[in-house]
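Peer 1: Provided below are the primary sequence and the corresponding predicted coordinates.
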Amino acid sequence: MVKIKVDLKDRGYDIIIGTDILNDLGKTIEEQKLGTDIFIITDPLVNDLYGSQLKKSLSGKIKIFEVPVGEKNKNLKEASQLWDKLVKSLAHRDSLIISLGGGVIGDLAGFVAATYMRGVSYIQVPTTLLAQVDASIGGKTAVNHAKCKNMIGCFYQPKMVYIDVKTLTTLPAREIRTGLAEIVKYGVIEDSIFFKFLEENAHHLTTKAFENKDTMLAALKLWQTIVVESAKIKARIVEKDEREADLRMVLNYGHTIGHAIESLTSYKEYNHGEAVSIGMVAAAKISNRIGVLEECVVERISKLLEKMGLPVEIKAINASKIVKALIMDKKVYDGKIKFVLPDRLGKVIIKNDVPLNIVTSVLKEMGAK
């Protein structure tokens with residue numbers, strides 16, 4: 001088991017990472033005196049897999065609330081229904097919310113925790129790779145608006161992030177791939193050695209090893225290493241810039257165009273990691289076009305993402321619509337779109353003066369209409 005401290009003074013917390021540790025969460029909650037009036041927010045699929053296991057580890061009054069599966073359900077309607085359930089269950093300020101699931105559940109449960117009675121304690125228990133390495137860490141909570149992803153939300157830190165890497169063994173291959181996009185991001189923005197490690201191990205980063213008991217333990221050891229390194233990188237960045245005033249914006253590498261693609265396809269054509277993969281390649285190409293990034297690095301980023309089974313081209317989306325969607329992004333300031341662009345592997349820069357004709361040209365080069 002590995003413990004990573006997110007040092008945010010009185011809002012600080014631990015990220016606990018291990019393999020086959022879900023049964024120990026209740027003991028950890030008791031030790032930290034986080035509450036005995038506990039509400040688990042999850043979805044039906046995750047509940048079937050881990051709901052009863054988690055519930056058995058806990059003591060006190062326990063209730064499980066389900067939210068339908070999918071990004072489209074991360075909205076104010078579902079948040080309102082959860083508030084209603086908490087009120088009917090007499091949840092109070094000493095209650096504890098546990099988010100059990102992927103990024104959608106984590107964002108929604110965190111938002112509900114942040115807003116119910118002006119804030120109750122919550123714990124993130126991410127069960128997808130994407131949530132384990134990214135969404136569960138940093139205190140971003142949100143719901144989607146019909147016009148833009150994550151438009152309504154706030155920063156609200158959890159009391160703990162508790163990661164059992166063994167939950168990865170029940171994920172479909174596509175869910176593993178979507179998490180890999182965020183992992184590649186960390187190599188590009190912060191750690192070139194980690195990027196090279198991913199290049200060298202890309203052929204192992206599939207679900208095939210989970211199909212055989214003899215290979216599963218070795219695979220989980222590799223996955224735990226990757227989750228730990230990713231969490232360390234994100235924790236360091238969050239510590240330096242909790243509310244995304246400056247440095248933390250580097251975590252948006254690939255997300256500016258990625259979010260636009262997700263929104264324009266109503267979160268159905270591409271999942272988050274797939275859209276971010278396209279966005280990372282687009283940002284690398286833009287960086288090359290303005291004379292910052294070498295072509296060979298663009299190729300390395302693109303090839304690694306392709307090797308992991310992620311898309312690097314855009315299909316059936318109008319380039320002008322993507323650019324229009326960019327203007328609605330939360331990262332627009334004074335009418336200027338902020339792009340996170342690779343300078344070299346392990347370092348990125350933030351530019352707000354990228355000519356839109358270059359953006360459009362790159363999008364069309366990647367297949368946009």
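Peer 2: All right, it came through fine. Numbering: from 1, shown residues only.

Peer 1: Please count neighbours and contacts with C-alpha atoms only from this point.
Peer 2: Fine.

Peer 1: Which helix or which strand is home to Lys268?
Peer 2: Using DSSP states H and E, Lys268 sits in no helix or strand.

Peer 1: Which strands and helices lie in contact with whatever helix or strand Ile237 lives in?
Peer 2: Using DSSP H and E, Ile237 sits within helix 213-240. Where contact means 3 or more C-alpha pairs under 8 Å, 6 or more residues apart in numbering; DSSP states H and E, helix 213-240 is packed against strand 2-6, strand 13-18, helix 173-189.

Peer 1: May I see the buried residues of stretch 43-59?
Peer 2: By 16 or more other C-alpha atoms under 10 Å, the buried positions in stretch 43-59 come out as 43, 46-47, 50-51, 54-55, 58.

Peer 1: Also stretch 284-303?
Peer 2: By neighbour count on 16+ other C-alpha under 10 Å, the buried set for stretch 284-303 is 284-289, 292-294, 297-298, 300-303.

Peer 1: which ones among the buried residues of stretch 43-59 are found in helices?
Peer 2: Mapping the buried residues of stretch 43-59 onto helices (DSSP state H) picks out 46, 54-55.

Peer 1: Torsion angles phi and psi at the residue sitting nearest the centre point of the chain?
Peer 2: Taking C-alpha atoms, centre = their mean, the centroid of the chain lies closest to Ala135, which sits 3.0 Å from it. Torsion angles at Ala135 (phi, psi; degrees, to the nearest 10) stand at phi -60, psi -30.

Peer 1: returning to that earlier point: out of the buried residues of stretch 43-59, flag the one nearest to Ser121.
Peer 2: Nearest to Ser121 out of the buried residues of stretch 43-59 is Leu58 (C-alpha to C-alpha; 15.8 Å).

Peer 1: Just the pLDDT for the closest one.
Peer 2: In this model, Leu58 is scored at 95, pLDDT.

Peer 1: OK, contacts around it?
Peer 2: Listed by C-alpha atoms under 8 Å, 6 or more residues apart in numbering, the contact set of Leu58 reads 25-27.

Peer 1: Give me the buried subset of those.
Peer 2: Among these, those scoring as buried are 25-26 (criterion: 16+ other C-alpha under 10 Å).

Peer 1: so where's this protein shaky on pLDDT?
Peer 2: Within the chain, the stretches with pLDDT under 70 are 329-335.

Peer 1: Would you map out the domains in it?
Peer 2: Using automatic domain parsing, the domain parsing of the chain gives 2-171, 177-365.

Peer 1: any chance you could map the helices in the stretch 201-350 of the chain?
Peer 2: If DSSP state H, counting those that start in this stretch is used as the criterion, the helices of the stretch 201-350 of the chain fall at 213-240, 255-264, 272-289, 295-307, 319-327.

Peer 1: got the angle between the first one and strand 13-18?
Peer 2: With axes from the mean of the first three to the mean of the last three C-alpha atoms, to 10 degrees defining the directions, helix 213-240 sits at 170 degrees from strand 13-18.

Peer 1: Now do the buried residues in helix 213-240.
Peer 2: In terms of neighbour count (16+ other C-alpha under 10 Å), helix 213-240 has its buried residues at 216, 219-220, 223-224, 226-239.

Peer 1: report the longest strand in the chain, please.
Peer 2: As assigned by DSSP state E, the longest strand anywhere in the chain is strand 148-155.

Peer 1: what's the next secondary structure element after it?
Peer 2: Heading C-terminal from strand 148-155 (DSSP H and E), you reach strand 160-164.

Peer 1: Quick check: which of the helices and strands packed on helix 213-240 is nearest to Asn75?
Peer 2: Closest of those to Asn75 is helix 173-189, at 21.3 Å (criterion: C-alpha to C-alpha).

Peer 1: wait, what's in contact with the closest residue in space to Ala325 that isn't next to it in sequence?
Peer 2: Spatially, and ignoring its direct neighbours in sequence, Ala325 is nearest to Ala260 (5.5 Å; C-alpha to C-alpha, 6 or more residues apart in numbering). Ala260 is in contact with 148, 322, 325-326, 329, counting by C-alpha under 8 Å, 6+ apart.

Peer 1: Please consider this matter closed, and thank you.
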